[in-house]
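K.L.:
I would like the atomic coordinates for the input below:
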Amino acid sequence: MSKKVYLDELVTPQRYSYSAEKAPYPQCWPNGKGLAVYIAMNLEHFAFDTQEGAKLSTHANYPDVLNYSWRDYGNRVGAWHLAELFDSLSIPPAVIANTAILDYCPQLLDRWLAIPGSELIAHGHTNSQRQGELEEDDESLLIATCQQRLNHYLKKEVKGWLSPWISESFSTPELLVKHQFSYTLNWAHDDIPTLFNTENGPLIAIPYPQEINDIPTIIPNGASIETFCQMVHDQFEELLSRSQHTPQVMGIALHPYIVGQPFRFHRLKKVLHTILDRRNEYWLTTPGEIAVLYEDQ
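P.N.:
Numbering: from 1, shown residues only. As a prediction, this is how the structure comes out:
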């Protein structure tokens, strides 16, 4: 059966307008740097009685011992070695954390936030649930509860949000502003911050990578750690070149159950050393610091 031709104007998010001319942003980052780089570590905890989560095997039995234990390796082993690496290299980590970490292994979050310059970013309660599938009242409750728990833990306000699985509803930006979040990492539509319109006021979108990100690149797409690290290096070189003309933001998104595996960890160390050997050429920072500077402009 033939289908009716679709010639209507397409639905768009209505959060930002398309323009080749970028909205106002700092002419450069601190100390005259053109490129801002942040490195995010996602600390996630998964329920043992659900099928949701990144998978080595899609044919695992229920309960899913294979995939659950592989992910749990990140919290038990990988994340601790990565924290030592970040500390030794003086990397200020963007610590993106499920609140379930507070119930399961709070000492891991303590370790990461002890690294100088670290920033805590809310990441829902667990990556066993997709936020965008919730009813609006339940989504609002999720955001509010995560914020309250992390604020209480940190003793100050957490300002950034990344939805589990980048899962949004049509109301998510409004709800984030309602609950006093100032920026989101959900969108990967640009290489500089963008000001989003919401019914509750403005929300800053800080670029968050979906390919310079070990989950989509290594797990479903099957890239090797060598390929992933080459992508990180090439992204850095190209954005550094572009930043000679316009400010740029580069994020690197990591998960300890992936890059914390010893054979990947070994290769990751090399590319991080390569980039950090040139830290005088860019601003090594966190998303929250980028958001503050952008908002001040």
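
K.L.:
contacts, neighbours, all on C-alpha from now
P.N.:
OK.

K.L.:
Distance check, Tyr282 against Ile215.
P.N.:
Going from Tyr282 to Ile215 by Cα to Cα, to the nearest Å gives 26 Å.

K.L.:
got it, and Ser19?
P.N.:
From Ser19 over to Ile215 the distance is 31 Å, taken as Cα to Cα.

K.L.:
Which one's more surrounded, these two?
P.N.:
Ranked by neighbour count (other Cα atoms under 10 Å), Ser19 and Ile215 place Ile215 first, with 21 against 7.

K.L.:
just checking, the more buried one touches Val259?
P.N.:
No: counting by Cα atoms under 8 Å, Val259 is not a contact partner of Ile215; they are 9.4 Å apart.

K.L.:
List the beta-bridge partners for Asn42.
P.N.:
Per DSSP bridges, the residues bridged to Asn42 are Ile96.

K.L.:
neighbours of it, just the number please.
P.N.:
21.

K.L.:
now Val37
P.N.:
21.

K.L.:
in what helix or strand does Tyr16 lie?
P.N.:
In this structure, Tyr16 sits in neither a helix nor a strand according to DSSP states H and E.

K.L.:
I'd like the average pLDDT over stretch 203-221.
P.N.:
Here stretch 203-221 scores 96 as its mean pLDDT.

K.L.:
Which positions within that stretch qualify as buried?
P.N.:
203-215, 217-218 (16 or more other Cα atoms under 10 Å).

K.L.:
what's the span of it from first residue to last?
P.N.:
Using Cα to Cα, first and last residues of stretch 203-221 are 31 Å apart.

K.L.:
and the closest residue to Ala94 other than its chain neighbours, helix, strand or coil?
P.N.:
Closest residue to Ala94 apart from its sequence neighbours, by Cα to Cα, 6 or more residues apart in numbering: Ala40 at 4.4 Å. When classified by DSSP: H, G, I helix; E, B strand; the rest coil, Ala40 comes out as strand.

K.L.:
contacting residues for Ala40?
P.N.:
Listed by Cα atoms under 8 Å, 6 or more residues apart in numbering, the contact partners of Ala40 are 93-96, 251-254.

K.L.:
same thing but 10 Å
P.N.:
92-96, 118-121, 208-209, 213, 251-255, 286-287 (Cα atoms under 10 Å, 6 or more residues apart in numbering).

K.L.:
The chain: helices as residue ranges?
P.N.:
Along the chain, the segments classed as helices by DSSP state H run 65-73, 79-89, 100-104, 106-113, 136-154, 172-178, 214-218, 225-242, 256-259, 262-276, 287-296.

K.L.:
Ranking those helices by mean neighbour count, which comes first?
P.N.:
helix 256-259 (a mean of 24; mean count of other Cα atoms under 10 Å).

K.L.:
Around the closest residue to Thr50 other than its chain neighbours, count how many other residues there are.
P.N.:
Of all residues not flanking Thr50 in the chain, Ser128 sits nearest, at 6.9 Å (Cα to Cα, 6+ apart). Neighbours of Ser128 under the rule other Cα under 10 Å: 20.

K.L.:
Just the pLDDT for Ser128.
P.N.:
Ser128 is given a pLDDT of 91.

K.L.:
what's it in contact with, if anything?
P.N.:
44-54, 164-165.

K.L.:
if you set the cut-off to 6 Å instead, what comes out?
P.N.:
Each residue near Ser128 by Cα atoms under 6 Å, 6 or more residues apart in numbering is listed here: 46, 52-53.

K.L.:
Just the closest of the residues you listed to Thr145, please.
P.N.:
Phe46 (17.9 Å; Cα to Cα).

K.L.:
backbone phi and psi for the closest one, please?
P.N.:
Main-chain dihedrals, Phe46, degrees, to the nearest 10: phi -120, psi 150.

K.L.:
What is the neighbour count of it?
P.N.:
Using other Cα under 10 Å: Phe46 sits among 23 other residues.

K.L.:
same deal with Glu157?
P.N.:
15.

K.L.:
Can you tell me how far it is from Ala144?
P.N.:
For Glu157, the distance to Ala144 - Cα to Cα - is 12 Å.

K.L.:
With Asp137 instead?
P.N.:
Applying Cα to Cα to Asp137 and Ala144 gives a distance of 11 Å.

K.L.:
again, but for Cys105
P.N.:
22 Å.

K.L.:
How about Ala36?
P.N.:
From Ala36 to Ala144 the distance is 30 Å (Cα to Cα).

K.L.:
repeat for Asn127
P.N.:
On the measure of Cα to Cα, Asn127 and Ala144 end up 17 Å apart.

K.L.:
just Asp49 next, same as before
P.N.:
Separation of Asp49 from Ala144 (Cα to Cα) stands at 25 Å.

K.L.:
re earlier: out of the buried residues of stretch 203-221, which sit inside strands?
P.N.:
In this view, those that belong to strands under DSSP state E are 203-205.
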